[in-house]
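[1] just need the structure, nothing else, for what follows:
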Amino acid sequence: MFQLGSKSKSNLVGVHPIMAAIVTRAIELTKQDFMVFEGPRTLERQKKLVASGASKTLKSMHIPKPDVYGKVPGELGHAVDLVPYIDGQARWEWGAIYPIAAAVGQAATEQGVADKVCWGGVWDRWLNAYAGDAAAMKKAVEAYAARHPGPDFLDGPHFQIGRLG
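    The predicted model follows:
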């Protein structure tokens, strides 16, 4: 069983409590270690990511905003990037991302919120529409790619609560 390190815990500060709880449970369930690479981010950082091609929108759910469900006071980040942690390094590899996505799907399902969580591998569906094991998550990404031919921005480490896409 894995656990969140101090940097990952620090990167969860300011994240919507439902999303943070999903991440906390997912690290207990996952077969692939991961780190919370990023939680909330500033608009300035988002602009840099868009300029570099690492993001496609200035309306990122990482940027703190009022709770999309209106239940938690203050401004919160509604997204996290969960990056596989392999041999002491963050690695962006799809084969390692699928088991993390499966764990997030299971955690969101356990908490009854899989119908409110969107994954960057399948931007047009809530997790409850396809979540399963790593193989199911891979098939969901392939099906998404078939529905959206041409260049699209698949962001495997990205998970958000609220707003599809």
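[2] from now on I want contacts and neighbour counts done on CA atoms only, so please keep to that.
    Fine.
[3] buried ones in the top helix by length along the chain, by neighbour count?
    Looking across the chain with DSSP state H, the single longest helix is helix 94-110. Residues 94, 96-109 are the ones in helix 94-110 that count as buried (16 or more other C-alpha atoms under 10 Å).
[4] which residues touch the residue nearest to residue 96 when sequence neighbours are not counted?
    Using C-alpha to C-alpha, 6 or more residues apart in numbering and skipping residues adjacent in sequence, the residue nearest residue 96 is residue 84, 6.0 Å away. Counting by C-alpha atoms under 8 Å, 6 or more residues apart in numbering, residue 84 makes contact with 32-35, 90-93, 96-97, 100.
[5] now do 7 Å
    Going by C-alpha atoms under 7 Å, 6 or more residues apart in numbering, residue 84 touches 32-35, 90-92, 96-97.
[6] most neighbours, which of the residues you listed?
    residue 34 (29 neighbours; other C-alpha atoms under 10 Å).
[7] okay, it and residue 5: tell me how far apart.
    Counting by C-alpha to C-alpha, to the nearest Å, the gap from residue 34 to residue 5 is 10 Å.
[8] thinking again about what came up before, show me what the longest helix of the chain is packed against.
    Helix 94-110 sits against helix 17-29, helix 134-147, with contacts defined as 3 or more C-alpha pairs under 7 Å, 6 or more residues apart in numbering; DSSP states H and E.
[9] nearest to residue 11, of those helices?
    Residue 11 sits nearest to helix 17-29 of all the helices and strands packed on helix 94-110, at 9.9 Å, using C-alpha to C-alpha.
[10] what's in contact with that closest one?
    Helix 17-29 has contacts (C-alpha under 7 Å, 6+ apart) with 1-4, 12, 78, 103-104, 107-108, 161.
[11] got the angle between it and helix 94-110?
    120 degrees (axes from the mean of the first three to the mean of the last three C-alpha atoms, to 10 degrees).
[12] run me through the strand neighbours of whichever strand or helix holds the residue nearest to residue 96, direction for each.
    According to DSSP states H and E, residue 84 maps onto strand 79-86. Sheet pairing here is set by DSSP bridges, and for strand 79-86 it gives strand 34-38 (antiparallel), strand 89-90 (antiparallel), strand 158-161 (antiparallel).
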